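Trainee: My questions are about this predicted structure, shown below with the sequence.
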Amino acid sequence: MADDSHLICPITHELFVDPVKAEDGRTYSRSGIEAWFSELQRSGSPIESPWTRAVIGTSLVTDEEAAREVEELGRAEEHRIAEDLRVAEACVVCGQRATHVVTCSCPLCDACTVELSSSCLADLFDSSIWETPIPCPACGTRGLVTVLQARWGVKTFGNGDVYEGELRHEEPHGEGRMEYANGEVYVGEWKGDVKEGRGTYRWADGTVYEG
């Protein structure tokens with residue numbers, strides 16, 4: 001595994017966001033080094049390097065190489081998560097590409113994990129709601145099948161946003177990737193349809209934030 005420690009800001013201790021070089025030759029996140037300068041100015045102290053403690057000016061220059069590495073790291077993480085979430089199996093009911101991994105229960109199965117297409121999952125939900133006996137996707141026994149958890153899937157929203165990842169009650173929950181209609185992309189953790197935890201956000205102009 002590559003060592004990415006050189007992409008960690010020594011002030012924020014997080015991955016660089018808008019990396020800039022200061023006059024001490026070190027690279028920092030712009031918000032981190034600017035906050036450092038502001039605090040010294042507010043206290044009336046000399047402007048010192050947070051790294052060497054030598055007196056320096058406040059000029060900052062964008063570190064293009066660090067910005068490129070951060071962007072490449074973000075793309076690699078997006079690819080890793082997408083591969084981790086990908087379902088290769090066919091739907092056990094219709095044979096089409098599976099888009100959901102579902103845990104279900106029937107009179108014979110305690111808790112089986114099966115792969116289903118979006119349409120078959122919708123049928124399963126409808127049958128569960130109306131209490132219609134159907135064949136269990138796992139064992140084939142005809143009975144009332146209860147959907148316990150849909151763990152992975154693809155959901156397209158009315159505004160054109162597309163989510164691919166872990167789901168709970170058909171909402172983003174866990175790890176997943178949201179591609180927004182405006183071209184922005186978020187890859188990371190979700191909780192109850194809300195971005196919560198670590199993730200990478202890429203704006204349409206290519207700006208990347210990871211945290």
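Mentor: Great, that's in hand.
Trainee: Report the central residue of this structure.
Mentor: Per C-alpha atoms, centre = their mean, the C-alpha nearest to the average position across the chain is that of residue 188, at 1.5 Å.
Trainee: Please look at that one and residue 194 and confirm they touch.
Mentor: No - using C-beta atoms under 8 Å, residue 188 is not in contact with residue 194; the gap is 11.6 Å. Using the backbone N, CA and C atoms, a C-beta is placed for each residue, glycine as well.
Trainee: residues near residue 17, how many?
Mentor: Counted with other C-beta atoms under 10 Å, the neighbours of residue 17 add up to 19.
Trainee: Provide the backbone phi and psi angles at the residue of the chain positioned farthest from its centre.
Mentor: Distance from the C-alpha centroid of the chain peaks at residue 44, with 42.0 Å (C-alpha atoms, centre = their mean). Note on residue 44: backbone dihedrals following degrees, to the nearest 10 are phi 80, psi 10.
Trainee: Can you give me the distance of it to residue 78?
Mentor: Note on residue 44: its distance to residue 78, by C-beta to C-beta, to the nearest Å, is 45 Å.
Trainee: Also residue 90?
Mentor: Taken as C-beta to C-beta, the span from residue 90 to residue 78 is 25 Å.
Trainee: between the two, which one's more packed in?
Mentor: Counted by other C-beta under 10 Å, residue 90 and residue 78 do not tie: residue 78 has more neighbours, with 19 against 14.
Trainee: my guess is that one contacts residue 187, does it?
Mentor: Yes - between residue 78 and residue 187 there is a contact under C-beta under 8 Å: 4.5 Å.
Trainee: okay, and the common contacts of the two?
Mentor: 177, 200 (C-beta atoms under 8 Å, 6 or more residues apart in numbering).
Trainee: Break down this protein into its helices, ranges please.
Mentor: Along the chain, the stretches classed as helices by DSSP state H are 30-43, 64-85, 118-130.
Trainee: ok, of those, where does mean pLDDT dip lowest?
Mentor: For these, the stretch scoring lowest in mean pLDDT is helix 118-130; its value is a mean of 63.
Trainee: picking that back up, can you give me the pLDDT of the nearest residue to the residue nearest to the centre of the chain once chain neighbours are set aside?
Mentor: Take residue 188 and drop its neighbours on the chain: the residue closest to it by C-beta to C-beta, 6 or more residues apart in numbering is residue 199, 1.8 Å away. Per-residue confidence (pLDDT) for residue 199: 86.
Trainee: What's the local residue count around residue 199?
Mentor: Using other C-beta under 10 Å, residue 199 has 22 other residues around it.
Trainee: Output the below-cut-off pLDDT ranges for the protein.
Mentor: 1-3, 79-89, 99, 103-107, 109-112, 122, 124-135, 137-138, 140-152, 169 (pLDDT under 70).
Trainee: can you rerun that using 90?
Mentor: Applying pLDDT under 90 to the chain flags the ranges 1-6, 14, 71-178, 181, 183, 185-211.
Trainee: what is the spatially closest residue to residue 66 that is not a sequence neighbour paired to in the beta sheet?
Mentor: Leaving aside its sequence neighbours, residue 66 sits nearest to residue 19 (C-beta to C-beta, 6+ apart; 3.9 Å). Note on residue 19: beta-bridge partners residue 29, judged by DSSP bridges.
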